[in-house]
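Q: sharing a model prediction with you, sequence too.
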Amino acid sequence: MPYEPAPHPLDAEAVRTWSSLAVAALGRAREDIDAINVYPVADADTGTNLYLTAEAADRALGEVFARPAPGMTDATPGTSLAQAVRAYAHGALIGARGNSGTILAQLLRGVADVLGEEPGERQPGPLLARALTRAAQEAYQAVAHPVEGTMLTVAAAAARAAEAAQDAAGTAADVARAAYDAARAALAETPGQLAALSRAGVVDAGGCGLVAVLGALWQALSGEEPAAEPVPGRAVSVPRPPDPCEQADDGPAYEVVYLLEASEEAVGELRARLDGLGDSLVVVGGEGLWNVHVHVDDPGAAVEAGVVAGRPYRIRITHFGDERRRARGERVQRAVVAVVPGEGLAGLCGEAGATTVLAPPGEVPAVSELVEAIRRAHAREVVLLPGGAELRATAAAAAEQARADGVRVAVIPTRSAVQGLAALAVHDPEGSFDEDVVAMTAAAGATRYGELAVAERQSFTSAGICQAGDVLGLIDGDVAVIGSGLTETAEAVLERMLGSGGELVTLVLGPEVPDALAERLEAYVQHGHLAVDTVTYRGGRYSAPLLIGVE
């Protein structure tokens, strides 16, 4: 619930008000910021990413205010400045979206590193100035190759002005106003600092969002609302959109983002490894939890680097092909969003034009993750492929939220990634929505699916009692075969699945399965079923040892 603007001392309530106002400001400016997004990738989502990051931070902050502080009761709430600002920064870290949202999360972490210290006698003006300075410093350090003319430049200008204001014995509101004014001025200068902005005739989109956030900070501390008229260089005053002919399509093909639990030493090695794989590398966080963002051509290698460093999760892989195309005009008519269990499958679906959400086996993505993917698809109509029976409720909830935003969404009840691949194969974005959904649903429904898994313990199954280490062959979700090895179990599953006919066998190999198994199974199919074709893909890390589809 938004808060009425009113002057505040630099306390927990000020942070709460700042957060609410920042979400509102970014919500108003989101489409304008998206429209001028040309750097580092013209994918028309900087405003949306900043808004979603601020929204996640605001939710985390709200949870702190909803529960009593340690030693307090519901009747005597006592959230401190330190608790509030740490929760605000942590929420941004967990929910950071895209390059700009990741940098915003690190800026808020820098603020929290100073304001989150337990209070002694401190003067608010100098304290806020020091926080904004730390924020700019930490943001620069988080970016592998800082570029001037971006939101980093805007943050640095705001910090310098804040320091000057506190030297003049300014209050916290005075410091915030000086930072805001300097950020506006720095934003107006960004086209002269970055060629991509100059060619497109726009200011930096991330910097524009940061100006909105700093304006919210000043409003929270002063009670004065920033001028309704746009400052020079803000998105709404930019005279023309980016020229499609000036956009370069030779950058990395994928954006990879994940949360990572790892030590600081391991993250240092991760930075070096990812820096050699791609660009736009930003790693933010600390104290064992990090948010990793990078643009690469090999998403599997980027995720693998995270596995070496620690435990990556909430992995999101986005293919830039359609993103760049959408950035050049209005919404596309139709898009597909697919939930997949491995980064190899994510790349495969991305190449087919789908926006993907990576959900390793046993993990169910949050509704908000699917809603965000639907927003990233930037289409009037979306076909959602959940990829598992356990994900259908989440997919249905995400579809309802997206429909409330005016997007027409159909959920195809795919129960396996191979059914999603079959649906994608017949997807026709040029046909009518209803006909496309019917054709994709029919293709998915006509695909029987199998899977190989390794039993973790003794248990009863529909095929009998299995022991730990046995290879289980599942058909349409039920255990049909219990074997001792991958090859013989896979052959038994294939024979049963092909017993009722089939024209195409799809094999998706897990990360530890050798190519020799695929060759053996292809030969097995060809020997016994001459009219059946076979295609093989690599599922990548997190996928099952073997997925089988029979169409």
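A: Cool, got the structure. Numbers count the residues shown, from 1 in each chain.
Q: which residues of the stretch 251-400 of the chain fall in helices?
A: 264-275, 299-309, 320-327, 343-351, 367-377, 392-404 (DSSP state H, counting those that start in this stretch).
Q: would you turn the ones you listed into CSV with distance to residue 418, mean pLDDT and mean neighbour count?
A: In this view, the C-beta of every residue, glycine as well, is placed from N, C-alpha and C. As requested, the helices of the stretch 251-400 of the chain are exported to CSV (distance: least, Cβ to Cβ, whole Å; pLDDT from 0 to 100; neighbours: other Cβ atoms under 10 Å):
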stretch, distance to residue 418, mean pLDDT, mean neighbour count
helix 264-275, 31, 94, 16
helix 299-309, 19, 88, 22
helix 320-327, 23, 53, 19
helix 343-351, 9, 78, 25
helix 367-377, 20, 86, 23
helix 392-404, 17, 91, 18
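Q: these into a markdown table, with extra columns for distance to residue 478?
A: Conversion of the helices of the stretch 251-400 of the chain to a markdown table gives the following (distance: least, Cβ to Cβ, whole Å):
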| stretch | distance to residue 478 |
| --- | --- |
| helix 264-275 | 41 |
| helix 299-309 | 31 |
| helix 320-327 | 37 |
| helix 343-351 | 23 |
| helix 367-377 | 27 |
| helix 392-404 | 18 |
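Q: the spatially closest residue to residue 372 that is not a sequence neighbour: what's it in contact with?
A: Distance criterion Cβ to Cβ, 6 or more residues apart in numbering; nearest residue to residue 372, sequence neighbours excluded, is residue 52 at 6.1 Å. The neighbours of residue 52, taking Cβ atoms under 8 Å, 6 or more residues apart in numbering as the test, are 95, 97, 101, 372, 375.
Q: quickly find the element holding the third one.
A: Right, the one you point to is residue 101. helix 98-115 (DSSP states H and E).
Q: tell me what the next helix or strand after that helix is packed against?
A: Per DSSP H and E, the first helix or strand lying C-terminal to helix 98-115 is helix 124-142. In terms of contacts (3 or more Cβ pairs under 8 Å, 6 or more residues apart in numbering; DSSP states H and E), helix 124-142 is packed against helix 98-115, helix 151-167, helix 172-189, strand 278-286.
Q: just want the angle from the third one to helix 151-167.
A: Note on geometry: by axes from the mean of the first three to the mean of the last three Cα atoms, to 10 degrees, helix 172-189 and helix 151-167 are set 150 degrees apart in direction.
Q: could you do the shortest one as well?
A: What separates the directions of strand 278-286 and helix 151-167 is an angle of 40 degrees, with the same axes, to 10 degrees.
Q: which residues touch stretch 261-281?
A: With Cβ under 8 Å, 6+ apart as the test, stretch 261-281 has contacts from 40-41, 99, 143-145, 251-252, 255, 260, 283, 286, 288-290, 292-298, 301-302, 305-306, 308-311, 313.
Q: measure it end to end?
A: Counting by Cα to Cα, to the nearest Å, you get 17 Å between the two ends of stretch 261-281.
Q: run the chain-centre distance for it.
A: 18 Å (Cα atoms, centre = their mean, to the nearest Å).
Q: residues in contact with the spatially closest residue to residue 56 that is not a sequence neighbour?
A: For residue 56, ignoring the flanking residues on the chain, the nearest one in space by Cβ to Cβ, 6+ apart is residue 95 at 2.2 Å. Contacts for residue 95 (Cβ under 8 Å, 6+ apart) come out as 52-53, 55-57, 59-60, 101, 105.
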